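**Student:** got a sequence here, can you build the structure:
(2 chains)
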Number of protein chains: 2
Amino acid sequence: MAERNFRSLLEAQWERGNFLCVGLDGDREKIPESAQRESIREALFAFNRTIVESTHDIVGAYKPNTAFYEAYGAEGWAALKDTISYINQFAPDVPVILDAKRADIGNTNKGYAIAAFDDLGADAITVHPYVGAEALAPFLERADKGVIVLCRTSNPGSGEFQDLITEGEPLYVKVARNVAEIWNANNNCSLVVGATYPDELKRIRSIVPDLPILIPGIGAQGGDIGQSVKLAKDSRGKGFIVSTSRAVIFASDGPQYQDAMRRSAQEYDRAIRAALVD
Amino acid sequence: MAERNFRSLLEAQWERGNFLCVGLDGDREKIPESAQRESIREALFAFNRTIVESTHDIVGAYKPNTAFYEAYGAEGWAALKDTISYINQFAPDVPVILDAKRADIGNTNKGYAIAAFDDLGADAITVHPYVGAEALAPFLERADKGVIVLCRTSNPGSGEFQDLITEGEPLYVKVARNVAEIWNANNNCSLVVGATYPDELKRIRSIVPDLPILIPGIGAQGGDIGQSVKLAKDSRGKGFIVSTSRAVIFASDGPQYQDAMRRSAQEYDRAIRAALVD
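**Tutor:** Alright, predicted model coming up:
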């Protein structure tokens, strides 16, 4: 039996034309009435389960962000594990990206790698670049797992350090170069580039023609989905995933909220496919 | 009743001459026999409790690193909360730094701030600078809590990005400047600078005369404690904490391990005090 591999799972999704990543960012106060449960663990899991049931055949990845679960303590952490276990069983062809933005030094990262990959069962993790590749070895050496490095983040103030010119080009370009040329020895690296920075996205794609790019920042944050797809696709018309969360998972809080989620995901999916053939 | 405040707690510890921070980095396999329990939650907590009992009167801070707890899932998270709750009750004058190295964007950081400060009860958190101050507002606006920014990390490969020259000086210097000049509006910021980089530590102290500096990297990593103290102290002979973990908490695995912990912490404490009057 072939070992589960993040990049292979992504490639299979791209083969099917699935480029949408849905963020599983639970918020107890926004969970519809019918998914509410007495315990927060059950409520977060019940809600995530309905998202997965409604969208698993049209998405290319799921992306729970650890911040939303940690806010509920050990119960939240248990809900995160329940959710990833469920996806791995119910939709085993959909990779799970743990949006944890971790990065410590040396052996300490072993704890995070065990947590993300072995305990929680995620296929990939997002990491900060600041400590350098040497420190991130416990992630990078896991060839079957994805290491998705923050390159250009989608927030308005991301330029504070990322735009600083070093060796004749901005820091975010240097990060992209190092990840492509040094970090990616196991072919398991990707980059995060926000849809809110189309010029930067274009520049990064020209520098790293083969690295997968995870694109947050569409929808509520203002990034344009069609433009992002055109700028991010590789020479094969693949190589990217577009991530959205609230616009899909909180599409409605009424009794038919599952239908609303699916319709919203379908709209994003259609917009991506249209941009690819445009 | 005065509100609990990280900087005030630190200042009170410095007043007492306490500059040592002990890292609570639990590892089930290294926990001495007498602290072992059937559940990992109880074992991690029992061990941390013995560390605190043995050292609370001679330390300036405790610093649990989240990686070691997350590796054990929800049980580990519960042990982390048990530990911080215990310190807050048993040794309320000792601030707790959550060494989490978090940093997401915008509202997502609210989840991490709630987790660290409100759910777990920590007094400070370590964060990555890459996303910029705008993104970290949910941490920075908590004036009573410490925000400890990675500036120069202690690992051998930390120069990959941190040493890049931008605007005529290395990136880590720019981080130090921005934190001092922009991020620190609420007087709640500190920097992380590894003891393994004494030249950089000296340079940073000259640039940020008033910011507290957290110094990891002594002991196993090779940083010199006396040199670090001399380079890191501010004009008052205060303004820093030196962090160690394994050398204290795993000083012995025999039945008298609590005595060994205390002796090890006392040796570090004496070395710091000696360097301050040298």
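**Student:** would you map the strands across the stretch 51-200 of chain A?
**Tutor:** Here the stretch 51-200 of chain A has its strands, by DSSP state E, counting those that start in this stretch, at A:61-64, A:97-102, A:124-127, A:146-152, A:165-166, A:169-170, A:189-193.
**Student:** next up, the contacts around whichever residue of the stretch 151-278 of chain A sits closest to chain B.
**Tutor:** Nearest residue of the stretch 151-278 of chain A to chain B: A:Gly157, at 2.5 Å (C-beta to the nearest C-beta). To be clear about C-beta, it is placed using only N, CA and C from the backbone, and glycine gets the same treatment. A:Gly157 makes contact with B:Val131, B:Gly132, B:Ala133, B:Glu134, B:Ala135 under the criterion C-beta atoms under 8 Å, 6 or more residues apart in numbering or on different chains.
**Student:** ok, back up a step: put together a markdown table for the strands of the stretch 51-200 of chain A, with distance to chain B, mean pLDDT and mean neighbour count on each row.
**Tutor:** Converted to a markdown table, those look like this (distance: least, C-beta to the nearest C-beta, whole Å; pLDDT from 0 to 100; neighbours: other C-beta atoms under 10 Å in any protein chain shown):
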| stretch | distance to chain B | mean pLDDT | mean neighbour count |
| --- | --- | --- | --- |
| strand A:61-64 | 12 | 98 | 26 |
| strand A:97-102 | 5 | 98 | 27 |
| strand A:124-127 | 9 | 98 | 28 |
| strand A:146-152 | 6 | 98 | 27 |
| strand A:165-166 | 4 | 97 | 16 |
| strand A:169-170 | 9 | 98 | 16 |
| strand A:189-193 | 10 | 98 | 27 |
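**Student:** wait, which of those strands is closest to B:Pro216?
**Tutor:** strand A:97-102 (16.9 Å; C-beta to C-beta).
**Student:** who's in contact with the closest one?
**Tutor:** A:21, A:23, A:61-66, A:84, A:109, A:112, A:116, A:120, A:122-128, A:146, A:148, A:150, A:214, B:67, B:101-104, B:128.
**Student:** please save the CA atoms from it in PDB.
**Tutor:** Output of strand A:97-102 as PDB, limited to C-alpha atoms (Å, rounded to 0.1, in the frame of the first residue of the first chain):
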ATOM      1  CA  ILE A  97      -3.500  21.300   6.300                       C
ATOM      2  CA  LEU A  98      -3.000  22.300  10.000                       C
ATOM      3  CA  ASP A  99      -2.800  26.100   9.900                       C
ATOM      4  CA  ALA A 100      -0.700  26.400  13.000                       C
ATOM      5  CA  LYS A 101       2.100  28.800  11.900                       C
ATOM      6  CA  ARG A 102       4.500  27.100  14.200                       C
END
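**Student:** chain center to it: distance?
**Tutor:** 8 Å (C-alpha atoms, centre = their mean, to the nearest Å).
**Student:** tilt between it and strand B:97-102?
**Tutor:** 130 degrees (axes from the mean of the first three to the mean of the last three C-alpha atoms, to 10 degrees).
**Student:** give me the angle between strand A:97-102 and strand A:189-193.
**Tutor:** 80 degrees.
**Student:** and the angle for strand A:97-102 with strand A:146-152?
**Tutor:** Going by the same axes, to 10 degrees, strand A:97-102 makes 60 degrees with strand A:146-152.
**Student:** sketch out the low-pLDDT regions of the stretch 1-150 of chain A for me.
**Tutor:** A:1-2 (pLDDT under 70).
**Student:** what does it have sitting close to chain B?
**Tutor:** Within reach of chain B by C-beta under 8 Å from any C-beta of the partner chain, the stretch 1-150 of chain A has these residues: A:25, A:65, A:67-75, A:77-78, A:81, A:99, A:101-106, A:108-112, A:114-115, A:119-120, A:128-135, A:150.
**Student:** apply 6 Å and report the result again.
**Tutor:** A:67-68, A:70-71, A:73-74, A:77-78, A:101, A:104-106, A:108, A:111-112, A:114-115, A:119, A:128, A:130-132, A:134-135, A:150 (C-beta under 6 Å from any C-beta of the partner chain).
**Student:** now, which of those lie within helices?
**Tutor:** A:Ala67, A:Phe68, A:Glu70, A:Gly73, A:Ala74, A:Trp77, A:Ala78, A:Thr108, A:Gly111, A:Tyr112 (DSSP state H).
**Student:** give me the buried subset of those.
**Tutor:** Listed as buried from those are A:Ala67, A:Phe68, A:Glu70, A:Gly73, A:Ala74, A:Trp77, A:Ala78, A:Thr108, A:Gly111, A:Tyr112; burial here means 16 or more other C-beta atoms under 10 Å in any protein chain shown.
**Student:** nearest to A:Gln13, of those?
**Tutor:** Closest to A:Gln13, out of all of those and judged by C-beta to C-beta, is A:Phe68, at 23.7 Å.
**Student:** residue contacts, the residue in the stretch 1-150 of chain A positioned nearest to chain B?
**Tutor:** Residue of the stretch 1-150 of chain A nearest chain B, by C-beta to the nearest C-beta: A:Glu134 (2.6 Å). Contacts of A:Glu134 were listed using C-beta atoms under 6 Å, 6 or more residues apart in numbering or on different chains, and they are B:Pro156, B:Gly157.
**Student:** over to A:Gly73?
**Tutor:** B:Asp119.
**Student:** if you set the cut-off to 7 Å instead, what comes out?
**Tutor:** A:Gly73 makes contacts with B:Trp77, B:Lys81, B:Asp119, as judged by C-beta atoms under 7 Å, 6 or more residues apart in numbering or on different chains.
**Student:** can you list those in a markdown table and add distance to chain A?
**Tutor:** What follows is the contacts of A:Gly73, written out as a markdown table (distance: C-beta to the nearest C-beta, whole Å):
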| residue | distance to chain A |
| --- | --- |
| B:Trp77 | 4 |
| B:Lys81 | 6 |
| B:Asp119 | 5 |
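**Student:** and the pLDDT for A:Gly159?
**Tutor:** Looking at A:Gly159, its pLDDT reads 98.
**Student:** what separation do you get for the closest residue to the residue of the stretch 151-278 of chain A closest to chain B other than its chain neighbours and A:Lys238?
**Tutor:** In this structure, A:Gly157 finds its nearest non-sequential neighbour in B:Glu134, 2.5 Å apart by C-beta to C-beta, 6 or more residues apart in numbering or on different chains. Distance, B:Glu134 to A:Lys238, using C-beta to C-beta, to the nearest Å: 33 Å.
**Student:** end-to-end on stretch A:190-207?
**Tutor:** With C-alpha to C-alpha, to the nearest Å as the measure, stretch A:190-207 spans 13 Å from end to end.
**Student:** residues of that stretch that come out buried?
**Tutor:** Quick answer for stretch A:190-207 (16+ other C-beta under 10 Å): A:190-198, A:200-201, A:203-205, A:207.
**Student:** thanks again, I'm all set now.
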